[in-house]
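S.K.: Quick one, structure for this:
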Amino acid sequence: MTEPDPAPDPGMCWVPGGGFRMGSDEHYPEEAPAHDTAVEGFWMDRHPVTNTQFAAFVEATGHRTVAEQAPDPATYPGTPPELLVPASLVFVQPPGPVDLGDVGNWWRMVPGADWRHPQGPDSSLDGLADHPVVHVALDDAESYARWAGKALPTEAQWEFAARGGLAGAVYAWGDRQVPGGRWMANTWQGEFPWQNHGRDGHERTSPVGSYPPNPYGLVDLIGNVWEWTADAWQPGHTRSAQCCSAPADTGIPQRVLKGGSHLCAPNYCRRYRPAARHPQPVDTSTSHVGFRCVQPG
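M.R.: This next block holds a predicted model:
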């Protein structure tokens with residue numbers, strides 16, 4: 001399918017669509033089975049929605065994010081009232097090695113953390129205008145998409161776009177994680193979660209477009225922040241250990257996240273690949289999850 005003219009938004013890139021091999025049988029079990037599928041051509045945001053873009057949406061609509069609202073006690077029966085306050089999950093780097101089986105060793109539910117205050121109430125967006133917005137739950141991402149006349153991508157759309165036409169490649173840019181010694185995405189270098197060498201130049205989120213675009217012109221599909229998709233979570237053949245911030249199944253609906261984040265590391269969460277996927281409760285926001293949007297061709 002040829003590129004439609006004109007683009008619906010100057011910040012979007014055309015993804016031509018086609019058939020591809022989705023998933024992987026060689027990495028985490030939730031990525032299996034690899035299977036053939038296809039998508040129609042579509043437009044996709046060149047980069048994740050930034051703080052500047054999200055601020056424009058909030059100014060226009062008055063939207064209050066999930067993290068800025070106190071949870072409804074009826075939704076969380078038995079929760080102590082002192083915990084039912086506006087809050088969000090923030091990555092807090094421990095000073096030394098910790099048990100990787102307990103995500104509480106590096107995630108903290110921080111009252112006052114939200115998209116305007118990504119590290120907590122005393123932080124701000126100073127210097128982060130062109131970084132991906134974070135601390136957005138599913139409702140926040142979908143509300144922005146509706147306002148913009150767009151939608152969240154399906155998992156298949158997202159993975160097709162991230163592969164950039166490189167059929168069968170392990171990474172979005174080929175089969176070597178650091179080709180020629182060049183870092184291609186904002187991920188974690190060192191022993192997660194306590195040792196981050198920052199060899200890629202960033203220790204937390206990075207400005208969008210800090211790394212090379214793929215053949216479709218898209219940037220930051222891998223690393224930086226995980227991205228919400230439109231698909232409900234379904235595990236693969238077996239339910240894998242849940243890395244990063246996703247808790248055990250609590251009955252809260254979950255959606256598929258794609259792309260990995262700046263917290264993905266070889267020793268813990270090797271999900272900086274197009275086939276990788278992860279569940280996220282729809283009511284949960286964190287300091288490493290954002291989103292981008294699509295439009296049909």
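S.K.: from here on, contacts and neighbour counts on C-alpha atoms
M.R.: Fine.
S.K.: which regions of this protein lie under the pLDDT threshold?
M.R.: Residue ranges of the chain with pLDDT under 70: 1, 236-250.
S.K.: That one: helices as residue ranges?
M.R.: In the chain, the helices defined using DSSP state H lie at 51-61, 138-147, 155-163.
S.K.: Which residues does the last one contact?
M.R.: Residues external to helix 155-163 that are found in contact with it (C-alpha atoms under 8 Å, 6 or more residues apart in numbering): 15, 17, 20, 22, 37-39, 169, 171-173, 214, 216, 218, 221-222, 229-231, 256, 258, 274-275.
S.K.: give me that answer again for 6 Å
M.R.: For helix 155-163, the surrounding residues in contact (C-alpha atoms under 6 Å, 6 or more residues apart in numbering) are A172, L221, T229, P274.
S.K.: With only the CA atoms kept, save it in PDB.
M.R.: Taking Å, rounded to 0.1, in the frame of the first residue of the first chain, the C-alpha atoms of helix 155-163 are listed here in PDB:
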ATOM      1  CA  GLU A 155       0.100  -5.200  19.800                       C
ATOM      2  CA  ALA A 156       0.500  -6.400  16.200                       C
ATOM      3  CA  GLN A 157       0.700  -2.900  14.800                       C
ATOM      4  CA  TRP A 158       3.200  -1.900  17.400                       C
ATOM      5  CA  GLU A 159       5.500  -5.000  16.800                       C
ATOM      6  CA  PHE A 160       5.300  -4.600  13.000                       C
ATOM      7  CA  ALA A 161       6.300  -1.000  13.300                       C
ATOM      8  CA  ALA A 162       9.100  -1.800  15.700                       C
ATOM      9  CA  ARG A 163      10.600  -4.400  13.400                       C
END
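S.K.: residues near S143, how many?
M.R.: S143 is flanked by 17 other residues according to other C-alpha atoms under 10 Å.
S.K.: just A167 next, same as before
M.R.: 14.
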